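>>> Return atomic coordinates for the entry below.
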Amino acid sequence: MKLNRKLRMGMVGGGRGAFIGAVHRMAARLDGEMELVAGCFSADPAKSKASGQDFFLDPSRVYATYQEMVRAEAALPADRRIDFVSIVTRNNTHFAVAKAFLEAGIHVICDKPLCFTLKEGRKLREIVRRTGCVFALTHNYTGYPMVKEARDWVRSGRLGRILKVVAEYPQGYAISALETASDGKISNWRMDPNVAGVSNCMGDIGTHAHNLVRYVTGLEIAEVCAELSTFIPGRPLDDDGNCLIRFDSGAKGIIYASQVSSGEENNLNIRVFGTKGSLQWFQENPNELYFKKADAPTQIHRRGNGYLGAAAQAVTRTPFAHPEGFIEAFANVYRAAGAAIADAVEGRKAPKSGYDFPTVDDGVAGLAFIESVVKSSKQGARWVKFPRI
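The predicted structure is shown next:
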């Protein structure tokens, strides 16, 4: 990031008791290039104020509503106002919050999914294009060095023509509710269709698997056949999903996401099979990438080594033979978005190679995936055409 100061960061959501806000703050400050200076950290003004005290912020920069925050920050001199806002609120608020900041000329980094519906997502994309602001979406798994290495393998033709892709995201945290459905233990807003949208499991974690497939392979979905299930009694949204995929290239795929897979923690993984070889990557062991051929021993490539490509080496943070993981990958998304924001602040053109972070277009694709999967499942697991994104 070429700027003679830190980027000034604001945050909406992510206050006391929030699940992901602290992760965003850690990722943003890891490189020492961003500083949290303002925020509306909760829909509850008292909690927002208390959270601002936790972060040692100037009380005048801690707001009761995001609308107040937009007005006040936009009115500040250019050398004081925030450069960007990080949005870590619930799904049904993303559109309104992002729209307000974008139209005030403030860059945005937003948690996924992009919006509540595909229709909203397309509208937000139009606003991003019209305002010219930087918009980054925190599909954080794209930030791992070995995920970038996997993408380079596909792009370079090392795997040959891609025949099949399998992506899985099993979790098991919800399985206990099958026996204790009345205790509300896992009841949360992601199970509320008025807040989360049309899907829980596929909308929350299945979109990560889909995004990982798009990022690594570059393939787009042509058709999907999906079955969503709700195993937990009384829950209005899915907690398990299985999808068959037909890609526009002719390749086939499987995307599976589940919150009732007993014993699993956060086992996102991807396998890509081509005519020359295959790759495998597992998020719970993110420093290794496997390459396999039919007539040769399995190769294990590890993060931090000189034999890796430039993209992987550029986002490697810890020394050779030392592990790195989730926070660093998240920080790589923030760092890439920060480079784009710094260029925008200084009036510089984007580099010819562009920036390596998930964009509003990736968010629209994710919403198209969610709605297509739900549509297919409601039609009895029939094949449905993927909408144009």
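>>> Next up, the contacts around the closest residue to Y173 other than its chain neighbours.
In this structure, Y173 finds its nearest non-sequential neighbour in Q259, 6.3 Å apart by C-beta to C-beta, 6 or more residues apart in numbering. C-beta: built from backbone N, CA, C; applies to glycine. Neighbouring residues of Q259 by C-beta atoms under 8 Å, 6 or more residues apart in numbering: Q171, G172, Y173, A174, I175, N200, C201, I205, D239, D240.
>>> And A75, how far from I106?
For A75, the distance to I106 equals 12 Å [C-beta to C-beta, to the nearest Å].
>>> Need the residues touching each of those two.
R81.
>>> With neighbour numbers in mind, choose between these two.
Neighbours around A75 and I106, counted as other C-beta atoms under 10 Å, are more numerous at I106. The numbers are 23 against 10.
>>> what's the closest non-adjacent residue to that one?
Per C-beta to C-beta, 6+ apart, closest to I106 is V85, 5.7 Å.
>>> State the phi and psi torsions of the residue nearest to Y173.
phi -120, psi 10 (degrees, to the nearest 10).
>>> Could you check the pLDDT of it?
Predicted confidence (pLDDT) for Q259: 95.
>>> before we move on, what about the one 4 residues further on?
Residue-level confidence at G263 comes out at 95, pLDDT.
>>> related to what we said a few turns ago, if I look at the residue nearest to Y173, how far off is I175?
Noted for Q259: a distance of 8 Å to I175, by C-beta to C-beta.
>>> hmm, which of the contacts of Q259 are the buried ones?
Q171, G172, A174, I175, N200, C201, I205, D239, D240 (16 or more other C-beta atoms under 10 Å).
>>> Among those residues, which lie within strands?
Among those, the members found in strands (DSSP state E) are D240.
>>> Dump the buried ones among the contacts of Q259 into a markdown table; add distance to A96 and pLDDT as well.
Compiled in a markdown table, the buried ones among the contacts of Q259 are given as follows (distance: C-beta to C-beta, whole Å; pLDDT from 0 to 100):
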| residue | distance to A96 | pLDDT |
| --- | --- | --- |
| Q171 | 29 | 96 |
| G172 | 34 | 94 |
| A174 | 29 | 88 |
| I175 | 35 | 87 |
| N200 | 22 | 96 |
| C201 | 25 | 96 |
| I205 | 24 | 97 |
| D239 | 28 | 96 |
| D240 | 31 | 98 |
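>>> which ones among the buried ones among the contacts of Q259 are found in helices?
Judged by DSSP state H, those include C201 as members of helices.
>>> quick one: secondary structure of A38?
Secondary structure assignment for A38 (DSSP: H, G, I helix; E, B strand; the rest coil): strand.
>>> quick one: it from E68, how far?
With C-beta to C-beta as the criterion, A38 and E68 are 11 Å apart.
>>> For those two, indicate the residue with more neighbours.
Neighbour count, other C-beta under 10 Å: between A38 and E68, A38 has more, with 26 against 12.
>>> low-confidence ranges in the stretch 251-389 of the chain?
Residue ranges of the stretch 251-389 of the chain with pLDDT under 70: none are present.
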